[in-house]
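Engineer: Model the following, please.
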Amino acid sequence: MDIQVPDIGEFTDIPVVTVLVSVGDTVAAEDPLVELESDKATMEVPSPSAGVVKEILVSEGDKVSMGSVIMRFDGAVAEVAAESTLVDAPATIEVPAAVAATGTVSGAGDVHAEVVVLGSGPGGYTAAFRAADLGKKVVLIEKNPTLGGVCLNVGCIPSKALLHVAKVITDAEDMGAHGVSFAKPKIDLDELRSFKDSVVEQLTGGLTGLAKARKVTTVKGAGTFTGPNMIEVIEDGKVTTVSFDQCIIAAGSEPVHLPFLPHDDDRVIDSTGALELKDVPKRMLVLGGGIIGLEMACVYDALGSKVTIVELMDQIIPGADKDIVKPLHSRIKGRYENILLKTKVTAMEAQKKGLKVTFEDSNGKVTTDTFDKVLVAVGRMPNGKKIDADKAGVAVDERGFIAVDSQQRTGVPHIFAIGDLVGQPMLAHKAVHEGKVAAEVCAGHKRHFDAKLIPSVAYTDPEVAWCGVTETEAKAKGIPYEKGVFPWAASGKALSNGRSEGMTKLLFNPKDQRVIGGCIVGVHAGDLIAEVGLAIEMGADAVDLGHTIHAHPTLSETVNCAAEMFEGTITDLMPPKKKKH
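Structural biologist: Numbering: from 1, shown residues only. So this is what the prediction gives:
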């Protein structure tokens with residue numbers, strides 16, 4: 001079977017930018033085969049039917065028009081039907097097993113709580129405040145000087161303050177192409193740190209006030225279990241014991257440390273060190289192409305560092321679809337010194353002139369380079385093994401995670417766990433909702449954590465956001481789907497902003513046309529993804545989104561237009577072949 005380029009409107013001689021399949025691949029109907037790029041938009045050529053790729057007749061850079069034969073298939077294959085992973089009711093989660101409690105301390109502590117919360121990050125303080133609002137006597141334990149955990153103090157909030165500064169700098173640079181030029185920015189690191197710290201202090205100070213207003217007792221120090229109903233808190237040698245009726249563990253996570261790196265060298269930093277902003281290195285290596293690494297890369301690039309990204313997988317942000325990540329990759333490729341994919345760091349040597357790093361790519365080729373600073377951002381690990389949970393009878397797996405049921409209950413009925421400790425995704429907004437569930441169950445409410453989705457956002461430039469089922473996940477799990485894709489090159493607002501590289505993609509259940517997933521790349525994608533999340537939670541279909549009037553011109557229109565692309569009712573572009581439902 002010859003596979004031809006379908007009707008793509010008036011476009012001719014469009015270059016092939018990406019071949020998305022290989023010889024021998026089995027593809028389903030509507031799977032993308034190649035990606036074309038005109039002066040107005042990027043478009044995918046979908047497979048007209050299921051089959052096995054026998055021969056590929058085009059390469060990247062070749063030009064094609066309607067009717068061009070791009071590949072040949074060898075027979076058809078049956079499509080596998082499967083139900084969506086998004087269901088109307090949550091799957092039943094069994095209560096995890098407890099272990100024999102090894103702690104023997106009991107009785108009354110120096111402080112007693114009806115509900116004690118171990119950790120004051122977004123999930124922890126939310127749980128504490130909600131439990132207090134429901135009439136419980138609450139004690140909140142925090143090992144750091146201020147409330148707020150990693151997110152408020154050395155994570156989400158300070159990074160977004162610095163990313164805002166980076167965005168202002170790069171926006172000013174971009175305006176040079178539109179006839180408005182600014183002088184090179186003068187960076188005052190002391191003032192920049194002061195701005196970042198003021199944002200953090202305002203939020204953490206607000207938490208202290210809210211805790212006092214709710215009569216939540218705060219105990220400072222590192223807490224560990226000494227028995228099923230007792231926690232020992234140590235700060236500067238002082239020991240405070242906290243007895244409790246119920247407990248919510250919200251002890252969070254910490255950056256992964258690779259053992260072969262010279263972590264004792266202050267030029268090797270993690271995300272916390274990056275946010276301290278002690279200096280702006282001339283050359284910086286970011287080890288890990290995930291969200292944390294890329295966000296910090298954006299900051300240091302804007303401030304003047306020459307940045308190199310090294311990532312073991314074949315794309316940056318491995319959890320997102322490749323087509324959604326591509327606009328970000330294209331933009332930073334033009335700004336950064338290098339992006340090394342399918343490459344691992346095998347050694348690092350601290351030298352006087354810098355950090356000598358040894359790389360090995362997927363072909364076994366070994367190279368070395370020297371950097372002034374290395375940011376290690378290869379992930380985070382839960383703190384489950386640091387709190388002596390076994391002394392309370394709470395099971396912790398080999399990675400440090402604690403299993404919970406849909407009420408956030410561990411194997412010990414009166415002990416709950418939330419946030420990074422209970423599994424992926426390690427995101428503050430997940431922890432917040434889990435914290436409310438745990439607090440309400442402690443107060444006797446019949447609550448379960450039954451969210452259909454948890455959105456993810458990379459606050460890069462452009463931003464990348466997704467929720468629900470991704471296209472990669474759908475293919476891997478055999479979930480049937482159809483999609484609507486709207487390129488921002490056809491968005492008046494995006495064009496007016498001078499940032500038309502974005503794209504909005506929605507996935508739909510072919511049976512009832514309900515939204516099951518969505519991905520957005522572009523400026524403010526993190527804000528725009530909320531509409532997609534609400535659509536999935538409320539069971540909206542393509543008509544619901546397509547018939548909802550969105551203000552014009554806005555970037556939110558792209559969600560509406562993606563639904564119209566799926567329906568075949570789009571007027572801002574040539575509609576794809578009309579769906580037969």
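Engineer: rest of the way, CA atoms for contacts and neighbours
Structural biologist: Will do.
Engineer: ok now do E434, which residues does it touch?
Structural biologist: Applying CA atoms under 8 Å, 6 or more residues apart in numbering to E434 gives the contacts 123, 408, 418-419, 449.
Engineer: And for L312?
Structural biologist: Counting by CA under 8 Å, 6+ apart, L312 touches 288, 341-344.
Engineer: rerun that using 10 Å as the cut-off
Structural biologist: Neighbour list for L312: 287-289, 318, 340-345, 360-362, 378 [criterion: CA atoms under 10 Å, 6 or more residues apart in numbering].
Engineer: which residue is nearest the centroid of the chain?
Structural biologist: With distances taken as CA atoms, centre = their mean, S456 lies nearest the centre of the chain, 3.7 Å away.
Engineer: beta partners of that one?
Structural biologist: For S456, the beta-bridge partners are W466 (DSSP bridges).
Engineer: How many residues are close by the nearest residue to G148 once chain neighbours are set aside?
Structural biologist: Once flanking residues are discounted, G148 sits nearest to G121: 4.4 Å by CA to CA, 6 or more residues apart in numbering. By other CA atoms under 10 Å, 24 other residues sit near G121.
Engineer: Hmm, E142 and G121 touching each other?
Structural biologist: Yes. Between G121 and E142 there is a contact under CA atoms under 10 Å: 8.7 Å.
Engineer: what is in contact with the two at once?
Structural biologist: 148-149, 250-251.
Engineer: Just to be sure, which of these are found in helices?
Structural biologist: By the criterion of DSSP state H, membership of the shared contacts of G121 and E142 in helices covers G149.
Engineer: for the shared contacts of G121 and E142, which one is nearest F225?
Structural biologist: A251 (12.1 Å; CA to CA).
Engineer: quick one: contacts for that closest one?
Structural biologist: The contact partners of A251, taken as CA under 10 Å, 6+ apart, are 117-121, 123-124, 141-143, 149, 222-223, 382-384, 386-387, 417-421.
Engineer: Ok, Y300 next?
Structural biologist: 162-163, 166, 274, 277, 279-284, 294, 306-307.
Engineer: average model confidence for stretch 494-511?
Structural biologist: Computed over stretch 494-511, the mean pLDDT rounds to 96.
Engineer: got the buried residues for that stretch?
Structural biologist: Buried residues in stretch 494-511, counted by 16 or more other CA atoms under 10 Å: 494, 499-509.
Engineer: for stretch 529-548, same thing?
Structural biologist: Buried, per 16+ other CA under 10 Å, within stretch 529-548: 529, 532-533, 535-537, 539-542, 544-546.
Engineer: Just to be sure, which of those are found in helices?
Structural biologist: Short answer: those in helices (DSSP H) are 529, 532-533, 535-537, 542, 544-546.
Engineer: which ones are touching P158?
Structural biologist: Applying CA under 10 Å, 6+ apart, the residues near P158 are 150-152, 164, 193, 195-200, 272, 275-276.
Engineer: ok, the residues you listed vs I70, which is closest?
Structural biologist: Of all the contacts of P158, H164 has the smallest distance to I70: 43.8 Å, by CA to CA.
Engineer: Just the pLDDT for the closest one.
Structural biologist: 97.
Engineer: dump the residue contacts of it.
Structural biologist: With the criterion set at CA under 10 Å, 6+ apart, H164 makes contact with 158, 299, 459.
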